[in-house]
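S.K.: Whatever this is, show me its structure:
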Amino acid sequence: MKGELIPHKMLNQDPFSTWLGIEVLECEIGRCRVALTVRPDMLNSMGKAHGGISYALADTAFGFAANTHGKYAVSIETSINHIEALNEGDVITAESVIEKVNNKLGFNIIEVKRGEELIALFKGVVYRTSKDWE
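M.R.: Okay, here's the model as predicted:
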């Protein structure tokens, strides 16, 4: 399967990302950009988006980009820095770019933005299996 098509297949098989309303905006080998709109049911007790929302968006971008090389890839370590709070109605994007890939590991940096404003920074390490996407 062509690498840039894999994220679309993954989204079709991902009920959680579908429930979040994640859309694939752009994909190419080693890079993927996704988006969602913050809904009322994504807010925490302070009226701001739960931190898990930006985390989940970044994690989805990470997974999609990591799999564009045609092999099943799974995360083995992730972390996030939340920089700005999010409000209902905010449209956020996450772009994952593979910084380094070797035979078994990939290292990604994911920027989460509201427009041009950086709102979170996510780092992920992925394990690349030998199983091909079909």
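S.K.: contacts, neighbours, all on C-alpha from now
M.R.: Fine.
S.K.: mind listing what the strand ranked longest in the chain pairs with, with the direction of each?
M.R.: Ordering each strand of the chain by length in residues (DSSP state E) puts strand 117-132 first. Each strand that pairs with strand 117-132, with its direction, by DSSP bridges: strand 71-82 (antiparallel), strand 105-114 (antiparallel).
S.K.: Give me the contacts around it.
M.R.: Judged by CA atoms under 8 Å, 6 or more residues apart in numbering, the contacts made with strand 117-132 from elsewhere in the structure are 54-55, 58-59, 62, 66, 70-85, 103-113.
S.K.: If you count neighbours, what's buried in that strand?
M.R.: Neighbour-count burial for strand 117-132, with 16 or more other CA atoms under 10 Å as criterion, is recorded at L118, I119, A120, L121, F122, K123, G124, V125, V126, Y127, R128.
S.K.: Quickly name whichever of these is closest to D14.
M.R.: Proximity of those to D14 (CA to CA) peaks at V126, which lies at 18.3 Å.
S.K.: and the closest one, what are its bridge partners?
M.R.: Under the criterion DSSP bridges, V126 forms beta bridges with S75, G106.
S.K.: per-residue pLDDT, it?
M.R.: What the model reports as pLDDT for V126 is 94.
S.K.: Now S45, what are its backbone angles?
M.R.: Comment: the main-chain dihedrals of S45 come out as phi -70, psi -10, following degrees, to the nearest 10.
S.K.: nearest residue to E88 other than its sequence neighbours?
M.R.: Leaving aside its chain neighbours, E88 sits nearest to V38 (5.0 Å; criterion: CA to CA, 6 or more residues apart in numbering).
S.K.: doesn't G89 make contact with that neighbour?
M.R.: Yes - contact criterion CA atoms under 8 Å: V38 and G89 qualify, at 5.1 Å.
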